[in-house]
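# let me see the structure of the following:
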Amino acid sequence: MRLRKRLPSQLAADLGISHATIHRWLTGKDMPSTRSCLKLAEYSGIPLHKVLSITGHLPEMMEQVPAEWPEFREYAQQKYPKELDEDLITMIEDLIERRRDRRHEHRKGL
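Down below sits the predicted model:
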C-alpha cells in the first residue's frame with residue numbers, strides 16, 4: 001500500500017476483496033489465504049515466496065536473503081537519501097530480483 005500510496009479501501013478494491021478483510025489482515029486478526037497471497041504478490045511485485053513467508057504460509061527461512069545480496073532499500077536510503085526516490089529504489093530492487101532469478105535458474109540448469 002505504501003509503495004502505491006493506496007488506502008486500505010483502495011487496496012481492497014484493487015484486489016477485489018472486502019475492506020473488512022484488509023482491516024483484519026492489518027490488525028493481525030486474520031492472515032491472507034494462499035490465493036490472496038498470490039494476488040498480493042502480483043499487485044506489489046514482491047516475489048510470491050516472500051509474501052507466503054511473511055504471512056506464515058512458509059517457514060521463515062525462505063524469507064532470508066543470501067549474505068551476498070544485502071537489502072538494497074536500506075542501503076540506498078542511507079547512502080543516497082537525496083539522489084534516489086521511492087520509484088527509483090523500487091525499480092532497482094526489481095532489477096536486483098530479476099538478476100537473482102536468472103542466477104537461480106542458471107544454477108538449476110547446471
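
# what confidence value was assigned to E93?
Reading off the confidence values, E93 has pLDDT 82.

# where's it, which helix or strand?
Applying DSSP states H and E as the criterion places E93 in helix 86-109.

# what comes up buried for that helix?
For helix 86-109, a neighbour-count test (16 or more other Cβ atoms under 10 Å) marks I89, T90, E93, I96, E97 as buried. Yep, even glycine has a C-beta here, placed from its N, CA and C like the rest.

# so how far is that helix off the chain centroid?
With Cα atoms, centre = their mean, to the nearest Å as the basis, helix 86-109 stands 13 Å off its chain's centre.

# closest to P8 out of the buried residues of helix 86-109?
T90 (20.3 Å; Cβ to Cβ).

# I figured the closest one hits L3, correct?
Yes - under the criterion of Cβ atoms under 8 Å, T90 makes contact with L3 at 6.1 Å.

# residues contacting the residue nearest the centre of the chain?
By Cα atoms, centre = their mean, the mean C-alpha position of the chain lies nearest to I46, the distance being 2.9 Å. With contacts defined as Cβ atoms under 8 Å, 6 or more residues apart in numbering, the neighbours of I46 are L40.

# fine by me, thanks again.
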